[in-house]
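> I would like the atomic coordinates for the input below:
(chains A and B)
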2 protein chains.
Amino acid sequence: MTLDELGKPQGKWVTFREEIKVLDCTIRDGGLMNNHRFDDKVVRAVYQACVEAGIDYMELGYKASKRIFTPDQFGTWKYCDEDDLRRIVGDNSTGLKLAVMADAERTDYHQDILPKEKSVLDVVRVATYIHQIPTAVEMIKDAHEKGYETTVNLMAISTVKEHELDDALEVLVNTPVGTIYLVDSFGALYSEQIRDLTIKYLRFARPAGKEVGIHAHNNQQLAYANTIEALILGANRLDASLSGLGRGAGNCQMELLLGFLHNPKFKIRPLLKCIQEYIEPMRETLRWGYDIPYMISGQLNQHPREAMRFMEGKDYKNIVEFYDRMVEEE
Amino acid sequence: MTLDELGKPQGKWVTFREEIKVLDCTIRDGGLMNNHRFDDKVVRAVYQACVEAGIDYMELGYKASKRIFTPDQFGTWKYCDEDDLRRIVGDNSTGLKLAVMADAERTDYHQDILPKEKSVLDVVRVATYIHQIPTAVEMIKDAHEKGYETTVNLMAISTVKEHELDDALEVLVNTPVGTIYLVDSFGALYSEQIRDLTIKYLRFARPAGKEVGIHAHNNQQLAYANTIEALILGANRLDASLSGLGRGAGNCQMELLLGFLHNPKFKIRPLLKCIQEYIEPMRETLRWGYDIPYMISGQLNQHPREAMRFMEGKDYKNIVEFYDRMVEEE
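Next up is the predicted model:
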């Protein structure tokens, strides 16, 4: 793809683009709904399903600092210790690559991220707010030098000024990072905005030989649609999760996405089996997915935390009360 | 809009286009989930909510033939007799216009559609499959001569050949119909297809002085996204329903759509109140909305009837069984 081709569809929907790779974030993003406490059998089932479905990457959780987040309050997948990873995947002798997320300023990355040759992990995904970018850059370098594939997920950009975003992208393309992710943290972006942002990210990333990824949230039921929008324009790294399991309104549904991609290497049936047997049975407890309180926080371009708290309460059907409160606070 | 502007956005999302009009199809399309048996208090609540929310049109049901559909098997809103309408809306001294749907070959339109001056109805929406167009044309003329605003909803176009669709549009623009609706009956269309079809419909409709509308279904969670896609390109008549209530996976959610439109005449709060008090309490019984069986029928570009039957059964969580059956039948 040349820069002249920016903004034009990078393929037709009846074909497929081999360069597109898909990442399953079910356990990592879903972990935000249960403090990362998944039964081993659930994590193993998702891993198996990803392998059988031909998915490229699976993200298992965070590499959170145990100084900042005490282990009595969080489950295994907040830390992704090597022993815990291997209990699920052994030496991972499959084609599926394994990823973790490392939050800027919340990860003791010097010690907790092992050299690649001592780990089953393949990818370190550095998540950063715009004011943390200097830390993120150090983390990218550290992970790169240790031998990992790297991505950077620049969060909450729907609240970031355009020229500041340009500055951030300029810094990031000058790191060894492999993929820069367009992240719609609040599920607030419309397709036209996703379009403009994808083109912007590609304009920075492509000349530097880097890929652009998309990570969408479903607050306005646009996670899948926005993921398609970005991929049509040239985003080649796509995040999705089984049944959309993820924080609040959740993510782009993997089963929808594979249906769109038409790459024969992808199989939907193993995903459906895992969803039926392991994911949907958690819905009543975890209560993720599109709902009107998330729509409201998305429309107002706000962090979903208030909507999440509301959905956890027993009065969660009183959407008018939530609307009144949010509009008043605005 | 000139033909040169086809395919270009017809506005920016921070503005609004006054010419856009919104139709609520909650009771009409939702009636396909309960044989049109809604309590009067539900219909009245939706009517009130539409008035208070500034919605332009409300569709109350069908004008079905009582010869073909015997009244012991269907509720009031299958027929929309004048007395039943007036029991809810009186003389409708509001700005909300009232619509009914009239299916080609299933409506005794000569007798059942009264002259406009004897009815509280404002709009007759003729629904037709492509092979029924000669009948649809007669129905459009009949309704137009009786004094109604008219629309035509050409259904199941995702299974229609392109040149046949051109032929159909050519016939329809030569009738007195006011709006030609792009209808994604199976929830099978992706945004690129919606884009191409919207441009096609506009190319036929605009020179004839007619509007283009969009009626989307949510099988692939694209009803809202596709509605936005069409409206950005110039579709000015938009169908949506409260909480997406409608057949199978349901429709574009009105509450999402009004959030996008940014026209200050539209108010979301009355919709949320109606949803909370009247619509959501019906969810457990009617079980509409996005679910994986509908995704599967959408991906396969099939009528949702098998998915609906499956969702009505007690084994509706066995999505793998449904998938296997559908793929085998294909």
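
> Distance check, A:N219 against chain B.
10 Å (C-beta to the nearest C-beta, to the nearest Å). (Each C-beta comes from the backbone N, C-alpha and C, glycine too.)

> tally of neighbours for whatever residue of chain A ends up closest to chain B?
Relative to chain B, the nearest point of chain A is A:A225 (3.1 Å; C-beta to the nearest C-beta). Neighbours of A:A225 under the rule other C-beta atoms under 10 Å in any protein chain shown: 28.

> repeat for A:A104
23.

> pretty sure the residue of chain A closest to chain B contacts B:S191?
Yes: with contact defined as C-beta atoms under 8 Å, A:A225 reaches B:S191; the gap is 6.3 Å.

> what comes up buried for stretch A:58-72?
Neighbour counts over stretch A:58-72 (16 or more other C-beta atoms under 10 Å in any protein chain shown) mark A:58-65, A:69 as buried.

> Turn these into a markdown table, columns for distance to chain B, secondary structure and pLDDT.
Converted to a markdown table, the buried residues of stretch A:58-72 look like this (distance: C-beta to the nearest C-beta, whole Å; DSSP: H, G, I helix; E, B strand; the rest coil; pLDDT from 0 to 100):
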| residue | distance to chain B | secondary structure | pLDDT |
| --- | --- | --- | --- |
| A:M58 | 21 | strand | 98 |
| A:E59 | 22 | strand | 98 |
| A:L60 | 24 | strand | 98 |
| A:G61 | 26 | strand | 98 |
| A:Y62 | 28 | strand | 98 |
| A:K63 | 32 | coil | 98 |
| A:A64 | 31 | coil | 98 |
| A:S65 | 36 | coil | 98 |
| A:F69 | 33 | coil | 97 |
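
> just these now: which is nearest B:F322?
Ranked by distance to B:F322 (C-beta to C-beta), the buried residues of stretch A:58-72 are led by A:M58 at 25.8 Å.

> if we can go back for a sec, looking at this, the residue of chain A closest to chain B is in a helix?
Yes: under DSSP: H, G, I helix; E, B strand; the rest coil, A:A225 falls within a helix.

> What backbone torsions are found at A:T128?
phi -150, psi 140 (degrees, to the nearest 10).

> Any residues of chain A in contact with chain B? List them.
Residues of chain A lying close to chain B (C-beta under 8 Å from any C-beta of the partner chain) are A:9, A:13, A:190-193, A:218, A:220-226, A:228-229, A:232, A:243, A:253, A:255-256, A:259-260, A:268-269, A:272-273, A:275-276, A:280, A:290, A:292, A:295, A:299, A:317-320, A:323-324.

> Next step: the residues you listed restricted to helices.
A:191-193, A:223-226, A:228-229, A:232, A:255-256, A:259-260, A:269, A:272-273, A:292, A:295, A:299, A:319-320, A:323-324 (DSSP state H).

> which residues in chain A form helices?
Using DSSP H, helices in chain A cover A:26-30, A:40-53, A:82-89, A:109-112, A:133-145, A:162-173, A:191-205, A:223-233, A:254-261, A:269-274, A:283-286, A:292-299, A:305-312, A:319-329.

> Tabulate those in TSV, adding columns for mean pLDDT.
Putting the helices of chain A into TSV (pLDDT from 0 to 100) gives the following:
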stretch	mean pLDDT
helix A:26-30	98
helix A:40-53	98
helix A:82-89	98
helix A:109-112	98
helix A:133-145	98
helix A:162-173	96
helix A:191-205	96
helix A:223-233	96
helix A:254-261	95
helix A:269-274	98
helix A:283-286	94
helix A:292-299	96
helix A:305-312	95
helix A:319-329	93
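
> Let me have those in CSV, adding distance to B:G209 as columns.
Listed next are the helices of chain A as CSV, based on distance: least, C-beta to C-beta, whole Å:
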stretch, distance to B:G209
helix A:26-30, 49
helix A:40-53, 50
helix A:82-89, 64
helix A:109-112, 64
helix A:133-145, 54
helix A:162-173, 40
helix A:191-205, 28
helix A:223-233, 32
helix A:254-261, 37
helix A:269-274, 48
helix A:283-286, 49
helix A:292-299, 35
helix A:305-312, 45
helix A:319-329, 40
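
> For PyMOL, write a command that selects the buried ones of the ones in helices among the residues of chain A next to chain B.
Of those, the buried ones can be selected in PyMOL as follows, counting by 16+ other C-beta under 10 Å:
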select buried, chain A and resi 191+193+223+224+225+226+228+229+232+255+256+259+260+269+272+273+292+295+299+319+320+323
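
> So what's the gap between stretch A:193-213 and the chain middle?
17 Å (C-alpha atoms, centre = their mean, to the nearest Å).

> no, scratch that, I was asking about stretch A:218-231
13 Å.

> cool, and stretch A:36-46?
With C-alpha atoms, centre = their mean as the basis, the mean position of stretch A:36-46 lies at 18 Å from the chain mean.

> export it as PDB, just CAs?
Provided in PDB are the C-alpha atoms of stretch A:36-46 (Å, rounded to 0.1, in the frame of the first residue of the first chain):
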ATOM      1  CA  HIS A  36      -8.900 -11.600  36.300                       C
ATOM      2  CA  ARG A  37     -10.200 -14.600  38.100                       C
ATOM      3  CA  PHE A  38     -11.000 -17.200  35.400                       C
ATOM      4  CA  ASP A  39     -11.000 -20.900  36.100                       C
ATOM      5  CA  ASP A  40      -8.200 -22.700  34.400                       C
ATOM      6  CA  LYS A  41     -10.700 -24.700  32.400                       C
ATOM      7  CA  VAL A  42     -12.100 -21.500  30.900                       C
ATOM      8  CA  VAL A  43      -8.700 -20.200  29.900                       C
ATOM      9  CA  ARG A  44      -7.700 -23.600  28.500                       C
ATOM     10  CA  ALA A  45     -11.000 -23.700  26.500                       C
ATOM     11  CA  VAL A  46     -10.400 -20.300  25.000                       C
END
